[in-house]
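Visitor: pasting the structure only:
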Ligand code: ATP
Ligand code: MG
């Protein structure tokens, strides 16, 4: 017997029973971004490997060990995108989108990282990525945060997620801090875990993220990032906080929040929840003023964030926050009994074409009334429209209410539309 085919580990099918929740989240985000005047950009899923190596940073976890990289038939090294920002910057430079222009962009789709699959962490996952260009902040930084806060309100998540906020300062301030941190950590090197020892030379700020007990104890005495900040970054951070305070957005300033990718400077933030175990970050972002220039464009300030759709879906499901209506795919189902298909299918077309655009399912494949009524119940429809030869002759349907105690009645298709409109 041949072995049954399986999807690649960590790459999930999203089944028809799950897609309604995904669409609920995606539609909420699309609506939100529209209200703030953001435009959609779609970029390829595959790019040259060098784009990510240069953009994200050679010594980040993503580039060091998580990329899906392969050679194509022409021996070019290509990579399945692990995130969207580098591709958006590449597209913006290539098409002149940044030339004396302000851009508010978003993109949505699959990302790929070779990580250890677990709840909330997959090898193919999906992000909504929002990227802005040409604005130095703090206004746009605040807008991005206010926008995400509005999304949590729309989805009923406002009191389920908390905002962590930090500023990394200018790249010079960050470099000075890096030196200070390395000096301190070198003096305590023996107590560090192996990963942190390695990062000491490659990406020392990431040591701040370590979950290792001994390393964390050492970090308690480490120099603080905010003692190294430049005046401009400090002032900008205060302005950002003033906007958030006035808007009633609560946050925790977390000086150890540095984010995983190399390109961040100044503002960084994460929205985290404690309802998903250790995969608690649902949205993360910040400012990346150096990236456009680093990838070959003219220097342009930039700020953005990415959120993981899997984690949002999981959070809504875990907290039972998905409205029931999300799961009902149809409003009515037509049940033909006897030799009535020409009439029944015409009625179905007529209903679907009406301005109210009701969702009408045709019970195809025949069967007894009993088996078709079972099908009707499973469909989620509110109304079953039974069409027998008698109804077909008179131009009627028999309406059976599937979700309420109400006697069945004979109706014209126009009556049915009125019923569906309420
Ligand atoms: P984490 O700390 O959870 O590894 P990250 O810093 O690597 O996150 P980003 O690269 O900033 O994450 O991606 C933004 C968001 O995308 C995360 O907050 C998370 O919601 C989601 N995300 C990242 N990696 C994965 C993954 N492997 N599976 C599912 N969602 C993910
Ligand atoms: Mg990660």
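Guide: Yes, it's here. Since this is a predicted model, take the numbers as computed values, not measurements. Ligands and ions are numbered 1, 2, ... in the order given.

Visitor: Which helix or strand lies directly C-terminal to the helix or strand where residue 284 lies?
Guide: If you go by DSSP states H and E, residue 284 is part of strand 281-287. Per DSSP H and E, the first helix or strand lying C-terminal to strand 281-287 is helix 291-294.

Visitor: Quick one: list the elements packing against that next one.
Guide: Helices and strands touching helix 291-294, by 3 or more CB pairs under 8 Å, 6 or more residues apart in numbering; DSSP states H and E, are helix 49-56, helix 85-94. In this view, the C-beta of every residue, glycine as well, is placed from N, C-alpha and C.

Visitor: Near the closest residue to ligand 1 within the stretch 251-400 of the chain, how many other residues are there?
Guide: In the stretch 251-400 of the chain, the residue that lies nearest ligand 1 is residue 308 (2.4 Å; CB to the nearest ligand atom). Neighbour count for residue 308, taken as other CB atoms under 10 Å: 22.

Visitor: Any idea which of the helices and strands packed on helix 291-294 has the lowest pLDDT on average?
Guide: The minimum mean pLDDT among the helices and strands packed on helix 291-294 belongs to helix 49-56 (a mean of 92).

Visitor: Output the contacting helices and strands for that one.
Guide: Using 3+ CB pairs under 8 Å, 6+ apart: helix 49-56 touches strand 77-80, helix 85-94, helix 291-294.

Visitor: so which of the ones you listed gets nearest residue 187?
Guide: The minimum distance between residue 187 and these falls on helix 291-294, with 31.9 Å, by CB to CB.

Visitor: Quick one: mean pLDDT for the helix or strand that the closest one is followed by?
Guide: Toward the C-terminal end, the helix or strand that comes next after helix 291-294 (DSSP H and E) is strand 302-308. In this model, strand 302-308 carries a mean pLDDT of 97.

Visitor: partner strands of strand 302-308, parallel or antiparallel?
Guide: Each strand that pairs with strand 302-308, with its direction, by DSSP bridges: strand 124-133 (antiparallel), strand 281-287 (antiparallel).

Visitor: Would you reformat those strands as CSV and include mean neighbour count, mean pLDDT and distance to residue 110?
Guide: Below are those laid out as CSV (neighbours: other CB atoms under 10 Å; pLDDT from 0 to 100; distance: least, CB to CB, whole Å):
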stretch, mean neighbour count, mean pLDDT, distance to residue 110
strand 124-133, 23, 98, 5
strand 281-287, 24, 96, 17
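
Visitor: in the sheet, who's paired with residue 111?
Guide: In this entry, residue 111 is beta-bridged to residue 125, by DSSP bridges.

Visitor: pLDDT value on residue 170, please?
Guide: You'll see residue 170 listed with a pLDDT of 89.

Visitor: scratch that, residue 119 is what I was asking about
Guide: So residue 119 comes in at 92 (pLDDT).

Visitor: Tell me, how many residues neighbour it?
Guide: 12.

Visitor: what separates it from residue 307, distance-wise?
Guide: To residue 307, residue 119 is 17 Å away according to CB to CB, to the nearest Å.

Visitor: Show me how far the lowest-mean-pLDDT helix or strand in the chain is from its chain's centre.
Guide: Counting by mean pLDDT, DSSP states H and E, the chain has its least confident helix or strand at helix 61, which shows a mean of 84. Here helix 61 is found 21 Å from its chain centre; the criterion is CA atoms, centre = their mean, to the nearest Å.

Visitor: ok, now stretch 150-165?
Guide: Remark: stretch 150-165 is offset 14 Å from the chain centroid, using CA atoms, centre = their mean.

Visitor: List the buried residues of that stretch.
Guide: Buried residues in stretch 150-165, counted by 16 or more other CB atoms under 10 Å: 151, 152, 155, 157, 160, 161, 163, 164, 165.

Visitor: Sitting in strands, which of those do you find?
Guide: Per DSSP state E, strands hold the following members of the buried residues of stretch 150-165: 163, 164, 165.

Visitor: any idea how far residue 411 is from residue 205?
Guide: Distance of residue 205 to residue 411, given as CB to CB: 68 Å.

Visitor: contacting residues around stretch 288-300?
Guide: For stretch 288-300, contacts defined as CB atoms under 8 Å, 6 or more residues apart in numbering pick out 51, 54-55, 85-86, 89-90, 92-93, 98-99, 133-134, 136, 171, 263-266, 301-304.

Visitor: Can you flag the buried ones in those?
Guide: 51, 54-55, 85-86, 89-90, 92-93, 98, 133-134, 136, 171, 263-266, 301-304.

Visitor: following the helix or strand that residue 201 is a member of, which helix or strand comes up?
Guide: Assigned by DSSP H and E, residue 201 falls within helix 194-202. Sequence order places helix 213-219 as the next helix or strand after helix 194-202, per DSSP H and E.

Visitor: downstream neighbour of that following helix in the secondary structure list?
Guide: helix 231-246.

Visitor: residues from this protein in reach of ligand 1?
Guide: Taking CB under 6 Å from any ligand atom, the part of the chain that reaches ligand 1 is made up of 83, 113, 115, 120-122, 125, 127, 260, 279, 281-284, 306-308, 310-311.

Visitor: what about 5 Å?
Guide: Within the chain, the residues that sit near ligand 1 (CB under 5 Å from any ligand atom) are 113, 115, 121, 122, 125, 260, 281, 284, 306, 308, 310, 311.

Visitor: which sections of this structure are below the confidence cut-off?
Guide: Along the chain, the parts satisfying pLDDT under 70 run over 1, 260-261, 422.

Visitor: Can you spell out the domain ranges of it, please?
Guide: Using automatic domain parsing, the domain ranges for the chain come out as 19-170+230-318, 328-421.

Visitor: ranking the ones you listed by burial, who's on top?
Guide: Comparing the domains of the chain by mean neighbour count (mean count of other CB atoms under 10 Å), domain 19-170+230-318 ranks first with a mean of 18.
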